[in-house]
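Peer 1: What follows is a predicted protein model with its sequence.
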Amino acid sequence: MSELLIKNIGSVFTGDIQDPIVEGPVSVLVKDGRIASITKGDCGGAEKVIDASLMTLAPGLIDSHTHPVFGDFTPRQNMIGFIDSSLHGGVTSMISAGEVHLPGRPKDPKSAKALALLAKRCFENARPSGVKVHAGALILEKGLKEDDFRELSEDGVSLVGEIGLGSVKTASEAKEMVVWAKKYGMKVLMHVGGTSIPGSSTVTCEDVLEANPTVACHLNGGPTCIPPKEAFKVVEKSDCAIELVHCGNMLAAFEIGKFLKETKRLSRLILGNDAPSGTGVIPLGIWRMVTFVSGMCGVSAETAICLATGNTKKVFGLDEGMVKKGASADLQLIDAPMGSEGKNAKEAIEKGDIPGIGMVMIEGAVKAQISRNTPPPARKPIF
């Protein structure tokens, strides 16, 4: 049994929006890749010890909206290593919204099923830099039948890619497939807003309400958005998760974020990148969204980080995403960046600063130390 003790933690962002912060000093014991205990003060020794130097411990971030293909390469931007770069942005898990950027992607039902299963299996067998890529999102094509969803579900495929990226474009075409997908336990994502790439379609508020997906993707546009007042209808008239993304309209993100806070619906909000995209590859995109919601919408840092961790965990039924006993030890140590007006991670985030990352671990294994992408943290872990 491997043991790791993280001691002298200044505070813990739990990722649980109902109980988002534990004030320190705190010790967290990790055994065999899972959190075994969270203790006030010092809980003794272990095989390996990390002194957090009063930094903040937080869950690794979950990017709720990515478009991987295979391995750590994106043909969308002809770039190698984008997942590793995201790890240095605190991202330890990614959700595929569809492997739509595969060159020459076939669009018949049989091939769509094959691609979803292949992507799922490939990322199960190979984690780029240790990052958990939850891939294999079926792209809806005309001709898919209920048995196709049942068969894929039995093979472990649990995602339906953004409705609107395949030949199924309209809510009337999609809604029967959404019912089938949900019947077999699959999570359904739906593009919302204007067209994002050639071949995609414009999706309105009424389309979302008719199709009833699990997630209303990039309600702030991908990148062109529906008017915020129309977006509010999706919030008020549905129970789907609401996603805001970095590669979207930031004015709309501000309006929707404020509305969700004011109406006490932040528990439905999740955050994604929607990258690789025409906007590019954004390794710090999820942290930028966390600091945007916190600094611009007046949401506490410990609550804002739940939008990219525990909330996403709940929507997709993941093992990771919270700092709690029994959870997968996918964690990051963060602090105010050097030069920030904030004295710690909480104050820095609430002032709009991206925190400095001192360490990222997945299942208790250190995958990155001082981030090459964030400003250096004011304090550093000792191990």
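Peer 2: That came in fine, so what should we check first? Numbering: from 1, shown residues only.

Peer 1: where's stretch 67-80 relative to the chain centroid, distance-wise?
Peer 2: Offset of stretch 67-80 from its chain centre (C-alpha atoms, centre = their mean, to the nearest Å): 18 Å.

Peer 1: Now do that stretch: distance from first to last residue.
Peer 2: Start and end residues of stretch 67-80 are separated by 14 Å (C-alpha to C-alpha, to the nearest Å).

Peer 1: what comes up buried for that stretch?
Peer 2: 67-69, 72-74, 76 (16 or more other C-beta atoms under 10 Å). Yep, even glycine has a C-beta here, placed from its N, CA and C like the rest.

Peer 1: ok, so of those residues, who is nearest Val179?
Peer 2: Ranked by distance to Val179 (C-beta to C-beta), those are led by His67 at 25.3 Å.

Peer 1: Next, count neighbours for Asp155.
Peer 2: If you count neighbours by other C-beta atoms under 10 Å, Asp155 ends up with 14.

Peer 1: List the contacts of it.
Peer 2: Asp155 sits next to 117, 120 when contact means C-beta atoms under 8 Å, 6 or more residues apart in numbering.

Peer 1: Leu251 too?
Peer 2: No residues are in contact with Leu251 under the rule C-beta under 8 Å, 6+ apart.

Peer 1: Quickly find the element holding it.
Peer 2: Element membership for Leu251 (DSSP states H and E) is helix 250-262.

Peer 1: rewinding a little: sort out for me which of the buried residues of stretch 67-80 are in strands.
Peer 2: Using DSSP state E, 73-74 are the members of the buried residues of stretch 67-80 that sit in strands.

Peer 1: What's the first helix or strand after the helix holding Leu251?
Peer 2: strand 269-272.

Peer 1: Name the residues that touch that next one?
Peer 2: Residues contacting strand 269-272 (C-beta under 8 Å, 6+ apart): 63-66, 95, 97, 215, 217-218, 241-246, 257, 260, 286, 289-290, 293, 307-308, 311-312, 315.

Peer 1: picking that back up, quick one: which of the buried residues of stretch 67-80 is nearest Glu124?
Peer 2: Pro68 (12.8 Å).

Peer 1: surely the closest one meets Val133?
Peer 2: Yes. Between Pro68 and Val133 a contact is recorded at 5.7 Å, counting by C-beta atoms under 8 Å.

Peer 1: Now the common contact residues for those two.
Peer 2: 83, 94, 96, 123.

Peer 1: List the contacts of the last one.
Peer 2: Okay, so that is Phe123. 68, 133-136.

Peer 1: So which of the contacts of strand 269-272 are in helices?
Peer 2: 257, 260, 286, 289-290, 293, 311-312, 315 (DSSP state H).

Peer 1: quick one: the helices in the chain?
Peer 2: Under DSSP H, the chain gives helices at 82-87, 109-125, 146-154, 171-183, 205-211, 228-237, 250-262, 285-297, 301-304, 310-316, 345-350.

Peer 1: and Gly364, which of these is closest to it?
Peer 2: Across these, closest to Gly364 is helix 82-87 (C-beta to C-beta), at 15.3 Å.

Peer 1: what's the nearest residue to Asp239 if we skip its chain neighbours?
Peer 2: Nearest-residue entry for Asp239: Arg268, 7.8 Å, with adjacent residues in sequence omitted and distances by C-beta to C-beta, 6 or more residues apart in numbering.

Peer 1: just for the chain, where's the confidence low?
Peer 2: Under the criterion pLDDT under 70, the flagged ranges of the chain are 1, 195-201.

Peer 1: Need the residue closest to the centroid of the chain.
Peer 2: For the chain, the residue nearest the mean C-alpha position is Asp63 (2.3 Å; C-alpha atoms, centre = their mean).

Peer 1: which residues touch that one?
Peer 2: 86, 91, 93-95, 272-273, 285-286, 308.

Peer 1: do that again at 10 Å, thanks
Peer 2: 83, 86, 89-97, 131, 133-134, 245-246, 270-275, 282, 285-286, 289, 308, 312 (C-beta atoms under 10 Å, 6 or more residues apart in numbering).

Peer 1: The closest residue in space to it that isn't next to it in sequence - how many residues pack around it?
Peer 2: Leaving aside its chain neighbours, Asp63 sits nearest to Met94 (4.6 Å; criterion: C-beta to C-beta, 6+ apart). For Met94, the tally of surrounding residues (other C-beta under 10 Å) stands at 26.

Peer 1: and if you look at the one 10 residues further on?
Peer 2: Using other C-beta under 10 Å as the criterion, Gly104 is surrounded by 4 other residues.

Peer 1: Could you check how far it is from Ser111?
Peer 2: 10 Å (C-beta to C-beta, to the nearest Å).

Peer 1: Identify the residue nearest Met177 in space, chain neighbours excluded?
Peer 2: Of all residues not flanking Met177 in the chain, Leu140 sits nearest, at 5.7 Å (C-beta to C-beta, 6+ apart).

Peer 1: nope, His246 is what I was after
Peer 2: Gly285 (3.7 Å).

Peer 1: For Lys48, see how far away that neighbour is.
Peer 2: Gly285 is 31 Å from Lys48, by C-beta to C-beta.

Peer 1: what does Val293 give?
Peer 2: According to C-beta to C-beta, Val293 and Lys48 sit 35 Å apart.

Peer 1: if you count what's nearby, which of these two comes out ahead?
Peer 2: Val293 (29 against 14).

Peer 1: thinking that one is in contact with Lys261, fair?
Peer 2: Yes. Taking contacts as C-beta atoms under 10 Å, Val293 lies within contact range of Lys261: 8.5 Å.
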